[in-house]
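K.L.:
Quick check, what structure comes out for this input:
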Amino acid sequence: MKVEVIGPGMDRASGDSAANVAAVASLDEPTRRRIYDHLRAHAVPVSRDDVADALGVPRRTAAFHLDRLAEQGLLGVSFGRRSGRSGPGAGRPAKLYQRSTREVSVSLPSRHYDLAGTLLAGAFAEAQESGEPPREVLARRAGDLGRALASQRSGENDTGVLMVLLEDHGYEPQVEGDDIVLHNCPFHVMAQEQTELVCGMNLHLLEGVLDGLGTRGVHACLDPLPSRCCVRLSLRQLR
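P.N.:
Okay, the predicted model is just below:
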């Protein structure tokens with residue numbers, strides 16, 4: 001299942017999953033969804049009165065739902081005088097609303113196609129400019145991204161930190177014997193269509209994570225099965 005509320009410009013990876021669920025759930029209320037759809041069709045900020053008049057709802061109702069949408073980050077708020085006048089006698093600025101740049105995505109199970117797309121597009125562009133083989137560029141960029149994902153946890157060399165990081169990025173890790181088995185592939189559809197390319201990218205990404213966390217002797221290897229991620233991690237040297 002996938003539900004998205006999209007506004008341009010914000011990296012979806014920056015959104016907290018619980019906050020994303022709350023934002024999407026807030027649109028289940030019919031009037032609130034009508035208001036959001038109304039603002040989506042307008043390129044300029046609108047006022048509470050504009051919304052109330054356009055949708056035929058009381059101004060207080062419009063204000064309530066507009067503010068709830070703003071609290072969820074789905075609308076941006078500004079203030080301005082609609083008359084265009086300024087100075088004494090121009091009146092108080094009106095509270096104006098516009099669809100925000102926040103992007104919200106809720107996927108079950110978790111998918112991160114935006115991350116894969118960013119890696120692939122960046123590798124393609126760099127390879128065109130440098131003349132390097134695209135797969136080599138992709139491998140390097142995936143490793144760099146893995147180290148970046150782990151950078152805030154660097155030096156904390158234990159299973160728990162690694163498990164949390166993997167869980168945060170949708171891998172659904174479980175310790176099974178001497179391995180961490182990743183029961184979800186964040187790039188599932190892409191891996192089904194371009195298995196060698198995407199699984200290789202994923203392997204280098206997770207190797208970068210291990211390197212960024214400062215783990216020693218932990219081995220990431222390709223071990224694909226239809227029901228799980230293509231990468232398996234050995235814990236023999238982690239404990």
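K.L.:
Tell me if A52 really is in a helix.
P.N.:
Yes: counting by DSSP: H, G, I helix; E, B strand; the rest coil, A52 is part of a helix.
K.L.:
Does it touch T61 like I think?
P.N.:
Yes: taking CB atoms under 8 Å as the definition, A52 is a contact partner of T61 at 7.4 Å. Heads up, the C-betas are built off the backbone N, CA and C, glycines and all.
K.L.:
where exactly do the strands run in this protein?
P.N.:
With DSSP state E, the ranges of strands along the chain come out as 2-5, 46-47, 75-80, 94-99, 104-107, 173-176, 179-182, 220-222, 231-234.
K.L.:
possible to save those as TSV with distance to D67, mean neighbour count and mean pLDDT?
P.N.:
Output for the strands of the chain, formatted as TSV (distance: least, CB to CB, whole Å; neighbours: other CB atoms under 10 Å; pLDDT from 0 to 100):
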stretch	distance to D67	mean neighbour count	mean pLDDT
strand 2-5	17	14	39
strand 46-47	13	20	94
strand 75-80	8	15	91
strand 94-99	9	20	92
strand 104-107	18	20	70
strand 173-176	40	15	91
strand 179-182	41	20	92
strand 220-222	47	16	93
strand 231-234	45	20	92
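K.L.:
R32: which of those strands is closest?
P.N.:
With CB to CB as the measure, strand 75-80 is the member of those nearest R32 (10.5 Å).
K.L.:
Kindly report the domain assignment for the chain.
P.N.:
2-107, 113-234 (automatic domain parsing).
K.L.:
Endpoints of the last one, how far apart?
P.N.:
Right, domain 113-234. 26 Å (CA to CA, to the nearest Å).
K.L.:
so which of the strands of the chain gets nearest L27?
P.N.:
Nearest of the strands of the chain (CB to CB): strand 2-5, 6.6 Å.
K.L.:
Low-confidence regions, the chain specifically.
P.N.:
1-17, 82-91, 105-106, 108, 154-158, 217, 236-239 (pLDDT under 70).
K.L.:
now stretch 138-148: how far from the chain's centre is it?
P.N.:
In terms of CA atoms, centre = their mean, to the nearest Å, the centre of stretch 138-148 is set 18 Å apart from its chain centre.
K.L.:
follow-up on the earlier one: mean neighbour count, the domains of the chain: which tops it?
P.N.:
Ranked by mean neighbour count, those are led by domain 113-234 with a mean of 17 (mean count of other CB atoms under 10 Å).
K.L.:
separation between the closest residue to G122 other than its chain neighbours and A43?
P.N.:
Once flanking residues are discounted, G122 sits nearest to R141: 5.7 Å by CB to CB, 6 or more residues apart in numbering. With the distance defined as CB to CB, to the nearest Å, R141 ends up 35 Å from A43.
K.L.:
With Q192 instead?
P.N.:
Counting by CB to CB, the gap from Q192 to A43 is 38 Å.
K.L.:
what does A63 give?
P.N.:
22 Å.
K.L.:
Name the nearest residue to P93, ignoring sequence neighbours.
P.N.:
Closest to P93 by CB to CB, 6+ apart is F79, at 4.0 Å.
K.L.:
pretty sure the one you found is touching Y97, no?
P.N.:
No: applying CB under 8 Å, one finds F79 not in contact with Y97, separated by 10.6 Å.
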